[in-house]
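K.L.:
Sequence isn't available, so here's the structure alone:
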């Protein structure tokens, strides 16, 4: 029994590549090995994600192995701060591009052997994604099979029958108020092809037997319930007839069911992160969805009370609720082999000689809960200060910040204690005060585009609205001012990533400041403060300038991703 899994010695013209690929079959599994490295002098942009996937491709079937991701600076820190980006369990995350360039990552994965792999080839699929500068660019470089790569010597012993299932969802589009399927209408050919591909994956397997195809049709919560009940029932029956006639599936193997209005599906869509941004009254809509009201009454209340939100539902949400879920149940026979041995008939040459292998360590990850900050400009002015900022949800563009300033210094020279210790004879007593206490809060909205959702939380550009209040006492040589103030205004700023736990932030604020101002002089060797006059501060203009050091705090987060 031969397995065609080999690759010619070539390199794709992309930033990331795989070479020295080998495949081995042992018993009922296939092991794929490769060295993954950056091509030549390739550089990884700050907001770039490179990915490489090894794909085993047969005549009609294929399977993807876990992907290797090389992350630019911004997506790497988003990942290190607890977000998984586009990855799944088993994928490989690499950030140290210098190490990858000089020391390739040695990739090894095993997959279960299937009969269609008898004459399969391996393809390498690389993707480069750059946030907001260009659309995704997929470059596929195919390595053709080079002949029988392995021969497995073994003896068959037993055959087990195992049950399996394939599930999916097809979005068949029907013209308005019709129940007849038109294969050429809009995306129907592609959606019907999904069902056919799933059926063929079972029928082409000589060890598999189709047992049952279950179809459940849904209509969306739009219009009268009785009419939707009719559409869901008849459209499901129409799909059954179409599959029977065109996909050569016996009628008795097809089981159908339907649901007039998919309210559970609508609830799942409303719980998605993007729904919070697109639907201002999402909370109220969810209350209607979860209520025990009649379906027609629910739909009427949502339409009349929140017409703008309901229009968004009509355009972008309800179409996904008009669908047909299908499940293909089958059995297949698994052959259990006795231990054998693998004779290598062909081995790929190494691209650049013997390359040392490197085991990439697991990366420490954490989930930021809040950021602790200090304004370095205030620190230079000896104005002690701190800020605390928290994001309002893991996928929210909003955050809230609370700040406090408290420089409270007093220097006095008067008659306390030994007068000769504090001043010379005839020298006037004086007192200096640098006392401010202020507290404020700011609501921020982060502006940075997230087209690929790669920026870490609390980074990029933002705008904000703040309000603050406090009191002060500024005195120099026994003459000074005291008072209270309130201030409010707007802020613009930007935050840069420094490392896994640190950011650097710039912000500038402008607004209005108002409060009483009491001017005084110290008399009787500064033992009494004599009020000279009382006025008010009323100011419009720049109010704050910050260069802040930001420390992100949060618990460690475990990950199953291989490094």
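P.N.:
On my side now, so go ahead. It should be emphasised that the depicted structure is a prediction, and the values quoted were computed from it without experimental measurement. Numbers count the residues shown, from 1 in each chain.

K.L.:
quick one: stretch 198-211 to chain centroid distance?
P.N.:
36 Å (C-alpha atoms, centre = their mean, to the nearest Å).

K.L.:
From the contact counts, what lies against the host helix or strand of residue 197?
P.N.:
According to DSSP states H and E, residue 197 maps onto helix 188-203. Counting contacts by 3 or more C-beta pairs under 8 Å, 6 or more residues apart in numbering; DSSP states H and E, helix 188-203 packs against strand 156-170, strand 208-218, strand 324-337. Glycine gets a C-beta too; all of them are placed from N, C-alpha and C.

K.L.:
Buried residues in the longest strand belonging to the chain, which are they?
P.N.:
The longest strand of the chain (DSSP state E) is strand 528-553. Neighbour-count burial for strand 528-553 flags 529, 543-544, 546, 548, 550, 552 (criterion: 16 or more other C-beta atoms under 10 Å).

K.L.:
farthest-separated two in those?
P.N.:
Pairwise distances across the buried residues of strand 528-553 (C-beta to C-beta) peak at 45.1 Å, for the pair 529 and 552.

K.L.:
hmm, back to that, please identify the deepest-packed of the helices and strands packed on helix 188-203.
P.N.:
The highest mean neighbour count among the helices and strands packed on helix 188-203, using mean count of other C-beta atoms under 10 Å, belongs to strand 208-218: a mean of 19.

K.L.:
pLDDT score for the residue lying closest to residue 480 once chain neighbours are set aside?
P.N.:
Spatially, and ignoring its direct neighbours in sequence, residue 480 is nearest to residue 474 (5.3 Å; C-beta to C-beta, 6 or more residues apart in numbering). Turning to residue 474, the model gives it a pLDDT of 82.

K.L.:
which residues sit in contact with residue 474?
P.N.:
Residue 474 sits next to 433-435, 480-482 when contact means C-beta atoms under 8 Å, 6 or more residues apart in numbering.

K.L.:
if you set the cut-off to 7 Å instead, what comes out?
P.N.:
Listed by C-beta atoms under 7 Å, 6 or more residues apart in numbering, the contact set of residue 474 reads 433-434, 480-481.

K.L.:
Same question for residue 550.
P.N.:
By C-beta under 7 Å, 6+ apart, the contact list for residue 550 reads 371, 373, 495, 502-505.

K.L.:
Quick one, which of the residues you listed are buried?
P.N.:
Buried, going by 16+ other C-beta under 10 Å: 371, 373, 495, 503, 505, out of the contacts of residue 550.

K.L.:
In those residues, find the pair that's most separated.
P.N.:
Using C-beta to C-beta, the pair of those lying farthest apart is 373 and 495, separated by 9.7 Å.

K.L.:
who touches both of the two?
P.N.:
Common contacts of residue 373 and residue 495 (C-beta under 7 Å, 6+ apart): 505, 550.

K.L.:
Can you tell me which of the buried residues of strand 528-553 is nearest residue 521?
P.N.:
With C-beta to C-beta as the yardstick, the closest approach to residue 521 among the buried residues of strand 528-553 comes from residue 529, at 7.4 Å.

K.L.:
that's a strand at residue 266, yeah?
P.N.:
No: going by DSSP: H, G, I helix; E, B strand; the rest coil, the assignment for residue 266 is helix, not a strand.

K.L.:
Tell me how many other residues surround it.
P.N.:
By other C-beta atoms under 10 Å, 23 other residues sit near residue 266.

K.L.:
Enumerate every residue touching residue 276.
P.N.:
residue 282.

K.L.:
tell me which residues of the host helix or strand of it are tucked away?
P.N.:
Residue 276 is part of helix 273-278, with elements assigned from DSSP H and E. Buried residues in helix 273-278, counting neighbours by 16+ other C-beta under 10 Å, are found at 275-276.

K.L.:
the helices in this protein, which residues?
P.N.:
Using DSSP state H, the helices of the chain run over residues 73-80, 97-102, 188-203, 225-246, 263-270, 273-278, 282-290, 295-305, 307-312, 376-380, 419-422.

K.L.:
What's the separation between the closest residue to residue 493 other than its chain neighbours and residue 109?
P.N.:
Spatially, and ignoring its direct neighbours in sequence, residue 493 is nearest to residue 507 (2.9 Å; C-beta to C-beta, 6+ apart). According to C-beta to C-beta, to the nearest Å, residue 507 and residue 109 sit 47 Å apart.

K.L.:
neighbour count winner among these two?
P.N.:
residue 507 (22 against 15).

K.L.:
Okay, and the beta partners of that one?
P.N.:
Counting by DSSP bridges, residue 507 is bridged to residue 493, residue 546.

K.L.:
In this model residue 490 seems to touch it, though I could be wrong.
P.N.:
No: with contacts counted by C-beta atoms under 7 Å, residue 507 stays clear of residue 490, the gap being 10.7 Å.

K.L.:
can you tell me which residues contact the closest residue to residue 28 other than its chain neighbours?
P.N.:
In this structure, residue 28 finds its nearest non-sequential neighbour in residue 113, 5.1 Å apart by C-beta to C-beta, 6+ apart. Counting by C-beta under 7 Å, 6+ apart, residue 113 makes contact with 25, 28-30.

K.L.:
So which of those sit within strands?
P.N.:
Among the contacts of residue 113, the residues falling in strands (DSSP E) are 25, 29-30.

K.L.:
Now do residue 90, the pLDDT please.
P.N.:
67.

K.L.:
Residue 252: how many residues sit nearby?
P.N.:
There are 8 residues near residue 252, going by other C-beta under 10 Å.

K.L.:
right, I mislabeled it, should have said residue 115
P.N.:
By other C-beta under 10 Å, the residues close to residue 115 number 15.

K.L.:
Please report how far the residue nearest to residue 28 lies from residue 265.
P.N.:
37 Å.

K.L.:
Next: residue 493.
P.N.:
Where residue 265 is concerned, residue 493 sits at a distance of 41 Å (C-beta to C-beta).

K.L.:
Please say which of the two ends up with more neighbours.
P.N.:
Taking neighbours as other C-beta under 10 Å, residue 493 and residue 265 compare with residue 265 leading, 21 against 18.

K.L.:
Could you pull up the residues touching that one?
P.N.:
218, 321.

K.L.:
Quick check: the gap between it and residue 317.
P.N.:
9 Å.

K.L.:
cool, and residue 286?
P.N.:
Look at residue 286 and residue 317: by C-beta to C-beta, they are 13 Å apart.

K.L.:
And these two? Which one has more around it.
P.N.:
For residue 286 versus residue 317, the count of surrounding residues by other C-beta under 10 Å is larger for residue 317: 21 against 16.

K.L.:
what number of residues lie near the nearest residue to that one once chain neighbours are set aside?
P.N.:
Of all residues not flanking residue 317 in the chain, residue 269 sits nearest, at 5.1 Å (C-beta to C-beta, 6+ apart). Counted with other C-beta under 10 Å, the neighbours of residue 269 add up to 18.

K.L.:
Likewise for residue 246?
P.N.:
12.

K.L.:
Show residues contacting stretch 431-444.
P.N.:
By C-beta under 7 Å, 6+ apart, stretch 431-444 touches 383, 398-412, 462, 464-478, 480, 491, 522, 526.

K.L.:
Kindly recompute the last result at 6 Å.
P.N.:
With C-beta atoms under 6 Å, 6 or more residues apart in numbering as the test, stretch 431-444 has contacts from 399-412, 462, 464-466, 468, 470-473, 475-476, 478, 526.

K.L.:
again, but for stretch 168-181
P.N.:
185-186, 188, 191, 194-195, 198, 234-235, 238, 242, 323-326.
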